[in-house]
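>>> got a sequence here, can you build the structure:
(4 chains)
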Number of protein chains: 2
Amino acid sequence: MTTRRVNSNTESVDDYLKAIFALEGSERERVTSTALAKRLGVAPASVTNMLQKLASGSSPLVEYELHRGVRLSPAGMRRALEIVRHHRLLEAFLYQILDYPIEEVHDEAERLEHFISERFEDRIDAKLGRPRFDPHGHCIPALDGRMSKQISQTLTEIEEAGTYVVDSVSDQDSALLKRLKAHGITPGAPIEVTNTPREGFVIRVSTTAKALRLPRSLAGAVRIRSTR
Amino acid sequence: MTTRRVNSNTESVDDYLKAIFALEGSERERVTSTALAKRLGVAPASVTNMLQKLASGSSPLVEYELHRGVRLSPAGMRRALEIVRHHRLLEAFLYQILDYPIEEVHDEAERLEHFISERFEDRIDAKLGRPRFDPHGHCIPALDGRMSKQISQTLTEIEEAGTYVVDSVSDQDSALLKRLKAHGITPGAPIEVTNTPREGFVIRVSTTAKALRLPRSLAGAVRIRSTR
DNA sequence: CAAGGGTATTAGGCACGCCTAAGGATTAGG
DNA sequence: CCTAATCCTTAGGCGTGCCTAATACCCTTG
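Below you'll find the predicted structure:
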């Protein structure tokens, strides 16, 4: 006579959905088990297992075909966006209200996002003035899941040197985030890109002298857009 | 080669320690399995099971003897006080910074207390000005576990009618909390107790006309102290 | 177009925290 | 002091989410 919850709705499920959401990208590509396993830090077998659970039951959270990867179902997408909303609101909250250094907001938000109530969500949203972006420059999904597309590209996609504006920085690597911060590379900052591919990416906040050379492996963590 | 964590430190362990802490009271009485089971909403067998885990290992968290109940060990007490600190700081935070109604702070704090970092703890503590009491009037343990004894008694312990000050109200029953709030019964408020035992407890905030009659079963939820 | 390498899935197990059912301990009453 | 009711513990099981090892699949390459 206990609450029948089958599965669904646990912390772990949240993590899978969020990871699939992130890996799908805006092109909604099918995500492979291995990619998920790597991102989540679990064995591939565990991923297969979970995907089968997520894909079964009434209103499955993912569309899954053996050996062909996985995509979020509409229900899964809805849930993923909720969690992303929680996560990014929390990041904004930690950053702006509790004065966290930017490189620490991600981990804390990652833990708390699963447990805050709708009331909490609404209260911090209100307190922050219904923000549209988190401190990394990522768009915060609206309550109904709407989220404006970001028109931006990663540094690695850039062909020509020039002046751009920092759109967003990845929240995945806190050490890198700290370095970027030290160089003034934060969302909204104008930057000059001098060298491109091959030699690594040299970027510099226009107003500053200090230049930063990013190897290709890290350059993917910075997204930029053209100045207007 | 995964992190060996044996047990210890999980959400569930936290809940047990906190429950034991609450049931021990200031007299540090041994707590029975059934009392724990009732409080935690689990089967008695589950309690026994968990107690045996908590009592084993190096640096056990509880002192436990078959059939004779359980008490917190020094390590368990330390951990319990940490959690209580988290809980009460969160309550104060939700109440004061996020404008929660008092009857809703408990449940939210109950979920979040397990997951906030030391940084989070410190930040809200600072933001609140290092408060010493939560919104229910309960003392917030200091970082080192120190906690001043509350000198107060429950309404049910009162023998004579008279004027008192509300010391604290229980956070366990949100419906009651709402009623108490409606009658102005909040920590620090002066109250008059007119009827005692037998007939139920009639209390009234001095400045207000509305009187409140509490059956014995609810009167234990209000602690009072004499006016200076 | 067969084979091999990489990827994905199945099979079998483990720790956790819970459950029910059954048996044992304790303590109150007669 | 012994019996009965109550309380507590043991035994055995389940779901979740993870693991490793073994197997199956896919697909590219020679």
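
>>> up against DNA strand C, what does chain A have?
Residues of chain A lying near DNA strand C by C-beta under 7 Å from any atom of the strand: A:2, A:32-34, A:44-45, A:47-49, A:51-52, A:66-67, A:69. All C-beta spots, glycine's among them, are computed from the backbone N, C-alpha and C.

>>> which of the three states applies to A:E108?
At A:E108 the chain is in helix, as set by DSSP: H, G, I helix; E, B strand; the rest coil.

>>> ok, now which ones touch it?
A:L90, A:L94, A:Y100, B:I116, B:S117, B:R119, B:F120 (C-beta atoms under 8 Å, 6 or more residues apart in numbering or on different chains).

>>> try it again at 10 Å.
A:L90, A:E91, A:F93, A:L94, A:L98, A:Y100, B:F115, B:I116, B:S117, B:R119, B:F120, B:R123 (C-beta atoms under 10 Å, 6 or more residues apart in numbering or on different chains).

>>> filter those residues down to the buried ones and hand me the PyMOL line.
Only the buried entries of the contacts of A:E108 go into this PyMOL selection, using 16 or more other C-beta atoms under 10 Å in any protein chain shown:
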select buried, (chain A and resi 90+91+93+94+98+100) or (chain B and resi 115+116+120+123)
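
>>> quick check: buried residues in whichever strand or helix holds A:R213?
Taking DSSP states H and E as the criterion, A:R213 maps to strand A:211-214. Neighbour-count burial for strand A:211-214 flags A:L212, A:L214 (criterion: 16+ other C-beta under 10 Å).

>>> ok, then the element right after that strand?
That would be, after strand A:211-214 and using DSSP H and E, helix A:216-219.

>>> from the chain's centre, how far out does the strand or helix carrying A:K181 sit?
For A:K181, the element it lies in under DSSP H and E is helix A:174-182. Distance of helix A:174-182 from the chain centroid (C-alpha atoms, centre = their mean, to the nearest Å) equals 16 Å.

>>> sheet partners, orientation included, of the helix or strand immediately after it in the chain?
For helix A:174-182, the succeeding helix or strand toward the C-terminus, using DSSP H and E, is strand A:190-193. Using DSSP bridges, the strands paired with strand A:190-193 are strand A:162-169 (antiparallel), strand A:201-205 (antiparallel).

>>> just put the ones you listed in TSV and tack on mean neighbour count and mean pLDDT.
Formatted as TSV, those follow (neighbours: other C-beta atoms under 10 Å in any protein chain shown; pLDDT from 0 to 100):
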stretch	mean neighbour count	mean pLDDT
strand A:162-169	19	93
strand A:201-205	20	79
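
>>> if we compare these, which one ends up closest to B:R225?
Nearest to B:R225 among the strands paired with strand A:190-193 is strand A:162-169 (54.0 Å), distances taken as C-beta to C-beta.

>>> export the closest one as CSV, just CAs?
What follows is strand A:162-169, C-alpha atoms only, in CSV (Å, rounded to 0.1, in the frame of the first residue of the first chain):
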residue,chain,number,x,y,z
GLY,A,162,38.3,39.6,-35.0
THR,A,163,36.2,41.1,-32.3
TYR,A,164,33.4,39.2,-30.7
VAL,A,165,31.3,39.2,-27.5
VAL,A,166,31.5,36.4,-25.0
ASP,A,167,28.1,34.6,-25.1
SER,A,168,28.6,31.9,-22.5
VAL,A,169,31.2,29.8,-20.8
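
>>> got the angle for it vs helix A:174-182?
130 degrees (axes from the mean of the first three to the mean of the last three C-alpha atoms, to 10 degrees).

>>> lowest-pLDDT helix or strand in chain A?
strand A:201-205 (a mean of 79; mean pLDDT, DSSP states H and E).

>>> how far out from the middle of the chain is that one?
That offset, for strand A:201-205, works out to 23 Å (C-alpha atoms, centre = their mean).

>>> the helix ranked longest in chain A vs chain B: in contact?
If you go by DSSP state H, chain A has its longest helix at helix A:74-96. Yes - under the criterion of C-beta under 10 Å from any C-beta of the partner chain, chain B is reached by helix A:74-96 at A:F93, A:L94.

>>> that helix: how far from the chain's middle?
So, by C-alpha atoms, centre = their mean, the centroid of helix A:74-96 is 9 Å from its chain's centroid.

>>> could I get it in PDB with only the CA atoms?
Extracted in PDB, the C-alpha atoms of helix A:74-96 (Å, rounded to 0.1, in the frame of the first residue of the first chain):
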ATOM      1  CA  PRO A  74       8.300  15.100 -25.100                       C
ATOM      2  CA  ALA A  75       7.700  14.200 -21.500                       C
ATOM      3  CA  GLY A  76      11.400  13.700 -20.900                       C
ATOM      4  CA  MET A  77      12.100  17.000 -22.500                       C
ATOM      5  CA  ARG A  78       9.600  18.700 -20.200                       C
ATOM      6  CA  ARG A  79      11.200  17.200 -17.200                       C
ATOM      7  CA  ALA A  80      14.800  17.900 -18.400                       C
ATOM      8  CA  LEU A  81      13.900  21.600 -18.900                       C
ATOM      9  CA  GLU A  82      12.400  21.700 -15.400                       C
ATOM     10  CA  ILE A  83      15.700  20.500 -14.000                       C
ATOM     11  CA  VAL A  84      17.800  22.800 -16.200                       C
ATOM     12  CA  ARG A  85      15.600  25.600 -15.000                       C
ATOM     13  CA  HIS A  86      16.200  24.600 -11.400                       C
ATOM     14  CA  HIS A  87      19.900  24.300 -12.000                       C
ATOM     15  CA  ARG A  88      20.300  27.700 -13.700                       C
ATOM     16  CA  LEU A  89      18.100  29.600 -11.300                       C
ATOM     17  CA  LEU A  90      20.100  28.100  -8.500                       C
ATOM     18  CA  GLU A  91      23.300  29.200 -10.100                       C
ATOM     19  CA  ALA A  92      22.100  32.700 -10.500                       C
ATOM     20  CA  PHE A  93      20.900  32.700  -6.900                       C
ATOM     21  CA  LEU A  94      24.100  31.400  -5.500                       C
ATOM     22  CA  TYR A  95      26.100  33.900  -7.500                       C
ATOM     23  CA  GLN A  96      24.000  37.000  -7.000                       C
END
